[in-house]
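A.B. asks: pasting the sequence and the predicted coordinates here, then a few questions.
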Amino acid sequence: MANPARQYVWDLPIRLFHWALVGLIGFSWWSAETYHMDWHRLSGQALLFLIVFRLIWGLIGSGPARFTQFLRGPRAIFAYLTGRAPAAPGHNPLGGWSVMAMLLALSVQVGTGLFAVDIDGIESGPLSHLVDFDQGRLASDIHGISFTILQILIGLHVLAVLFYLLVRRRNLIGPMVSGRAKVTGEPVAVRRASPVAFAVATLLAGTLAWWVFADPTL
């Protein structure tokens, strides 16, 4: 029996984004629970950078990373669930929308954290000066609720990975480490992103993350 071919799937920026996100979500939770709020702010800034970078990369990144490739309509989802959809590198139609749900929850989580104010008004987000106390408290409440939603989505993601690994015998973790997945057929050509696109996405995301957290008096 011939050895399975190796299909290029995930570029290095997507892999770095994924694993940095895993670490930073855990670190953000820990820093908040242990009241290391200076570290929590730094973690929030790093997460803001990652979110903005991923949104830009979804427009100008490599083929499997682009939203236009994995965000499909009901027909594509039904075809996938019934086994009639052709295999393609990257997220399947159902997984694509789960990615967007997680990005949305994460955006709400980080976005509300920018305006959040604690009950004593001592700890606050970098943009809390733009809202009044009640609005800051509302942002804080949504910040907590959105984290619960994010935890649920992460749990579903982990269960999906385990389902594919144990039931369908398909390893989704390996490709997110190596960038390549085993396929039984011939590998297909995948559009690669240019270094210029990576530089643009990094510069824009980094500039926005710095500006949001900068001293408002500057």
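C.D. replies: Received the coordinates, thanks. Numbers count the residues shown, from 1 in each chain.

A.B. asks: which is the next helix or strand following whichever strand or helix holds Gly155?
C.D. replies: Element membership for Gly155, per DSSP states H and E: helix 133-166. Proceeding N to C from helix 133-166, the next assigned helix or strand is helix 173-178, under DSSP H and E.

A.B. asks: buried sites along that following helix?
C.D. replies: Neighbour-count burial for helix 173-178, counted by 16 or more other C-beta atoms under 10 Å, picks out 175-176. The C-beta positions use only the backbone N, C-alpha and C, and glycine is treated the same way.

A.B. asks: same question, stretch 102-109
C.D. replies: 102-103, 105-109.

A.B. asks: over to stretch 201-217?
C.D. replies: Within stretch 201-217, the residues that count as buried by 16+ other C-beta under 10 Å are 201-202, 205, 208-209, 212-213.

A.B. asks: same thing with stretch 126-145?
C.D. replies: Neighbour-count burial for stretch 126-145 flags 126-128, 131, 136-140, 142-143 (criterion: 16+ other C-beta under 10 Å).

A.B. asks: stretch 154-168 now?
C.D. replies: Neighbour-count burial for stretch 154-168 flags 154, 157, 164 (criterion: 16+ other C-beta under 10 Å).

A.B. asks: of all the buried residues of stretch 102-109, which comes closest to Leu81?
C.D. replies: Met102 (19.9 Å; C-beta to C-beta).

A.B. asks: spatially nearest residue to the closest one, not counting backbone neighbours?
C.D. replies: In this structure, Met102 finds its nearest non-sequential neighbour in Leu153, 4.9 Å apart by C-beta to C-beta, 6 or more residues apart in numbering.

A.B. asks: which ones are touching the one you found?
C.D. replies: 98, 101-102, 105 (C-beta atoms under 8 Å, 6 or more residues apart in numbering).

A.B. asks: middle-most residue in this structure, spatially?
C.D. replies: Leu103 (5.0 Å; C-alpha atoms, centre = their mean).

A.B. asks: that one contacts Leu55, correct?
C.D. replies: Yes. Applying C-beta atoms under 8 Å, one finds Leu103 in contact with Leu55, separated by 7.4 Å.

A.B. asks: contacting residues for His36?
C.D. replies: Counted by C-beta under 8 Å, 6+ apart, His36 has contacts Trp30.

A.B. asks: go again using 10 Å as the cut-off
C.D. replies: With contact set as C-beta atoms under 10 Å, 6 or more residues apart in numbering, His36 has these partners: 27, 30, 42-43.

A.B. asks: look up phi and psi at it.
C.D. replies: Phi and psi for His36, reported as degrees, to the nearest 10, are phi -90, psi 70.

A.B. asks: same thing with Ser124?
C.D. replies: phi -150, psi 160.
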